[in-house]
Structure formats: structure tokens, C-alpha cells
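have a look; sequence and predicted model below, questions after that.
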Amino acid sequence: MNARGFSVKTNRPTILVMAAGIGSRYGGLKQIDPVGPNGEIILDYSLYDAARAGFDRVVFLIRRDIEKTFRETIGRRIEKRMDAEYAFQELGDLPAGFEAPGGRVKPWGTAHAVLSCRHLIRSPFAVINADDYYGSAAYQVLAGHLRGAGDTGGARDICMVGYRLANTLSEHGHVARGVCRVGTDGYLAGIDERTRIQRRGEKIRFTEDGSRWTVLPPDTTVSMNIWGFTPGVFEDLETGFAQFLHSRSGDLDKAEYYLPELVGSLVAERKARVKVLPTDARWFGVTYPEDRPIVQQAIRELLDLGIYPLHL
């Protein structure tokens, strides 16, 4: 049974929304900037797309200090369309024998955030960021893969949506992207994190040192951290977290356990295969304050095309 008394089916894909940082980024949930004509935020459109693709259950990963406001401002209207549950990322959620450093306040990172949901998810699931717009096509390909997902031969069945780099840039500054190496079989061979990518003249380029710039083709496949997993991955997340805590014992006041790094290690150890699901969808988000009117304009264009109704 879920928090609202509904029976939870375990054979349907779930969508996990990473929303633990949303309040701190926006200065309080009530200050989240609307992008739609009736006060809609990006997450409203994301979950509308997810529901249309076949996801009918959502788990929100949030902090306890924003639970009441999140439920009132976001959760309540989402619950009209989807079964919703809430998970919390806690500093004290650690393997036996470990303790959080006394001065640490910051969460343990995105891999730990997903691990925090292990008691609520028993089916294949997607992971998205609360404040990123991924496009309806992304949810369609994710749902299609997850409906048939299953671990085979001792390897986890993982998928990620792969975007064209040109569809993920900000016009107002540089961005960080995971540049993907994809094999001829459509599976991920590796990810190179590029922390400073931007348009320079007519080309897209990245730099590691601020002086030397390297061109990246506009159709380069990049990860926007929209993933699909089978529930078996929670075992890997738990094992990996203990290994992380051992290896980073000298700087546990700041170190973070990241989801892409966990996926990369599973691929390197041949414990997982990651299917890259290509899409021509356009990603957007508010990376810089100047991006907000661009996002609003993009939503207006989608409304004009009939992609979304005026009132969600």
C-alpha cells in the first residue's frame, strides 16, 4: 500500500524525481519561477509527459525540511494524475559501521539520493531532475525500454537518453555535459565529463584550462542525467556506497557519491550494459537567470503547436 492507501503494483515502471535540491536552488519552493501561462513549472510538464508515456507512479526524492511546502505547492496537484510517494535523503542513512562527519551538512550525492529510494521502488524505474525539461520523446523511449527491461547474464540492464549536444546548450554561458562514447551496437562505451562547453562563433567548443579550445560536433551525444534502471541496481548502489566511504575516508566532509560514476564503474567492470536511447528532443532548463524567458518562450511555442493543453 502507498501513503494514500492505494495498492502498489510492482510490474509497472516508476519515475523517480530528484528534487532534494530544488528549494535551496530557488531560495524556497514558493519562489520557483513559473514557465507556463497558468503558473506551471517545468516539473508539471515533465510529469505530464511521463504520464502520457505510461508512467503512472512517481517517487519524489526531497528533503524533510521542504516536505510540507513541496506537498502543498507541487505534490498535491501531481497526485491528481499519478500515484505519488515521498523519499528523503538523510545524512545518517549509512552502511553499518559508518558515521557522518560531525560538520557535514551537504547530502551524499546523486547515487546516494537514488539509494535512498530503495524501500519504495520494486519495478524498473526512470530517474530525472526536477527542474530539467527533457521533452515528451524522452519519456516515450524510456517507457518503451523499461517495459521490457531485465538483468541478464549477471549484468544490469541500464539505459540513458542520449541528446544531441546542440539541443542542450545555453545561449548565456558555458555548461557541463557528459560527452558519450557510443559503440556501433548502441551501447555506452564511456562518458567524458566536460565542465565548460559553449558556443564560440559558429562552433561548439570545450576547454579544460580556459585557454585551449576543442571543437565538438553539434550532433555529439551527451548525457543529461535521465536514466533508466532495474531495481537490482540498488544492490550495486549499496555496495558502491560502502566502497566510496572506505576510499574517501580522508575527505568525507565534502566528498559526494555520484550516479554517473557508479554507472561508469559498473560498465568498466562489465557488471552492466547501458543502452543509449537517442532522441532529437530539445532539453532546456534555467542554468542562468537569462535562460528563463527562453524557457517561457519555448513552452509558448509548444502550446501553440498543441503539444500541451493550455491548462494541464
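On my side now, so go ahead. Worth saying up front: this structure is predicted, and the values here are computed from it rather than measured. Numbers count the residues shown, from 1 in each chain.

residue 48 - nearest residue in space that isn't next to it in sequence?
Take residue 48 and drop its neighbours on the chain: the residue closest to it by Cβ to Cβ, 6 or more residues apart in numbering is residue 312, 5.4 Å away. Where C-beta positions appear, they are placed from N, C-alpha and C, glycine not excepted.

where does the one you found land on pLDDT?
Confidence per residue is given as pLDDT, and for residue 312 that number is 85.

these two touch, right, it and residue 36?
Yes. Counting by Cβ atoms under 8 Å, a contact exists between residue 312 and residue 36, whose distance comes to 7.4 Å.

quick revisit: quick one: residues contacting the residue nearest to residue 48.
Contacts for residue 312 were tallied using Cβ atoms under 8 Å, 6 or more residues apart in numbering; they are 36, 38, 40, 44, 45, 48.

from the residues you listed, which land in helices?
Using DSSP state H to define helices, the subset of these located there is 44, 45, 48.

so which of these comes closest to residue 93?
Lowest distance from residue 93 to those (Cβ to Cβ) belongs to residue 44, with 29.2 Å.

quick one: the closest one and residue 36 touch, right?
Yes. Checked against Cβ under 8 Å, the pair residue 44 and residue 36 is within contact range at 6.8 Å.

picking that back up, if I look at the residue nearest to residue 48, how far off is residue 306?
Computed with Cβ to Cβ, to the nearest Å, the distance linking residue 312 and residue 306 is 13 Å.

any common contacting residues for these two?
Going by Cβ under 8 Å, 6+ apart, no residue sits against residue 312 while also sitting against residue 306.

where do the helices sit along the chain?
Assigned helices in the chain, in chain order: 22-26, 42-53, 67-70, 76-78, 110-115, 136-147, 233-247, 259-268, 292-304 (criterion: DSSP H).

between these, which one is nearest to residue 280?
Evaluated with Cβ to Cβ, the helices of the chain place helix 136-147 nearest to residue 280, the distance being 7.1 Å.

and the closest one with helix 42-53, angle?
Relative orientation of helix 136-147 with respect to helix 42-53: 50 degrees, computed using axes from the mean of the first three to the mean of the last three Cα atoms, to 10 degrees.

C-alpha coordinates for helix 136-147, PDB please?
Taking C-alpha atoms only, helix 136-147 is exported to PDB below (Å, rounded to 0.1, in the frame of the first residue of the first chain):
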ATOM      1  CA  SER A 136       8.000  14.200 -24.500                       C
ATOM      2  CA  ALA A 137      10.000  11.900 -26.800                       C
ATOM      3  CA  ALA A 138      12.500  11.100 -24.000                       C
ATOM      4  CA  TYR A 139       9.700   9.600 -21.800                       C
ATOM      5  CA  GLN A 140       8.400   7.600 -24.700                       C
ATOM      6  CA  VAL A 141      11.700   5.900 -25.400                       C
ATOM      7  CA  LEU A 142      12.400   5.400 -21.700                       C
ATOM      8  CA  ALA A 143       9.000   3.800 -21.000                       C
ATOM      9  CA  GLY A 144       9.400   1.600 -24.100                       C
ATOM     10  CA  HIS A 145      12.700   0.300 -22.900                       C
ATOM     11  CA  LEU A 146      11.700  -0.100 -19.200                       C
ATOM     12  CA  ARG A 147       8.600  -2.100 -20.000                       C
END
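
give the rounded mean pLDDT of that helix.
96.

roughly how far does residue 217 sit from residue 173?
With distances taken as Cβ to Cβ, residue 217 is found 21 Å from residue 173.

what of residue 145?
Distance check for residue 145 against residue 173: by Cβ to Cβ, it reads 33 Å.

neighbour-wise, which of those two wins?
Taking other Cβ atoms under 10 Å, residue 145 and residue 173 do not tie; residue 145 has more neighbours (20 against 12).

pull the contacting residues for the more buried one.
Taking Cβ under 8 Å, 6+ apart as the contact definition, residue 145 lies against 159, 228, 275, 277.

switch the cut-off to 6 Å
For residue 145, the residues meeting the contact criterion (Cβ atoms under 6 Å, 6 or more residues apart in numbering) are 159, 228.

and the ones in helices among the contacts of residue 312 as CSV, adding pLDDT, distance to residue 121 and neighbour count?
Conversion of these to CSV gives the following (pLDDT from 0 to 100; distance: Cβ to Cβ, whole Å; neighbours: other Cβ atoms under 10 Å):
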residue, pLDDT, distance to residue 121, neighbour count
44, 94, 22, 20
45, 96, 23, 21
48, 95, 21, 20
